[in-house]
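1. Okay, predicted coordinates and the sequence, questions at the end:
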Amino acid sequence: MKTKGNQARQDILESLTTDEPLLLQSILDSIHFYEDKYGGTFLQTLGKKDFLTRQEQLDAADWSYFLSFFDTDQ
C-alpha cells in the first residue's frame with residue numbers, strides 16, 4: 001500500500017549514512033509488521049478504536065514508538 005507516509009519514510013531511509021539504514025530498516029520492518037497485522041495504518045486501525053484490548057494497547061504503544069522516529073502522520 002503506497003501512502004504519503006510510506007513515501008516520506010522511504011525518502012528518509014534513502015538519505016541516511018551507512019550505519020543508520022540498518023536501524024531504520026528494522027524500524028520500518030516493525031511498522032510494516034503492525035500495518036500487516038491490523039490491515040492498515042495506525043490511524044486507520046487502532047487509532048480509530050474507542051476501546052483496545054490489552055494486546056492492542058501493547059501493540060499501539062510499540063507501533064506509536066516506531067512511528068515516532070518519523071515526523072509524518074501515523
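-> Cool, got the structure.
2. show me the contacts for Ser30.
-> Going by C-beta atoms under 8 Å, 6 or more residues apart in numbering, Ser30 touches Asp62, Trp63, Phe66. Glycine gets a C-beta too; all of them are placed from N, C-alpha and C.
3. Filter the residues you listed down to the buried ones, PyMOL style.
-> Per 16 or more other C-beta atoms under 10 Å, the buried members of the contacts of Ser30 correspond to this PyMOL selection:
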select buried, resi 63+66
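4. Looking at the contacts of Ser30, spot the one nearest Arg54.
-> Nearest to Arg54 among those is Asp62, at 13.1 Å by C-beta to C-beta.
5. I'd say that closest one and Tyr34 touch.
-> Yes: using C-beta atoms under 8 Å, Asp62 makes contact with Tyr34 at a distance of 7.5 Å.
6. Which helix or which strand is home to the residue nearest the centre of the chain?
-> By C-alpha atoms, centre = their mean, the mean C-alpha position of the chain lies nearest to Ile31, the distance being 3.3 Å. Taking DSSP states H and E as the criterion, Ile31 maps to helix 20-38.
7. what do you get for Gly40?
-> Short version: Gly40 belongs to no helix or strand, going by DSSP H and E.
8. ok, now how distant is it from Leu24?
-> 22 Å (C-beta to C-beta, to the nearest Å).
9. now do Gly39
-> In terms of C-beta to C-beta, Gly39 sits 24 Å off from Leu24.
10. same check, this time on Ser64
-> Relative to Leu24, and taking C-beta to C-beta, Ser64 is found at 17 Å.
11. What of Leu46?
-> 22 Å.
12. So which of those two has more stuff around it?
-> Neighbours per residue, other C-beta atoms under 10 Å: of Leu46 and Leu24, the larger number sits with Leu46, 21 against 16.
13. which residues touch that one?
-> Applying C-beta under 8 Å, 6+ apart, the residues near Leu46 are Tyr38, Leu52, Glu56, Asp59, Ala60, Trp63.
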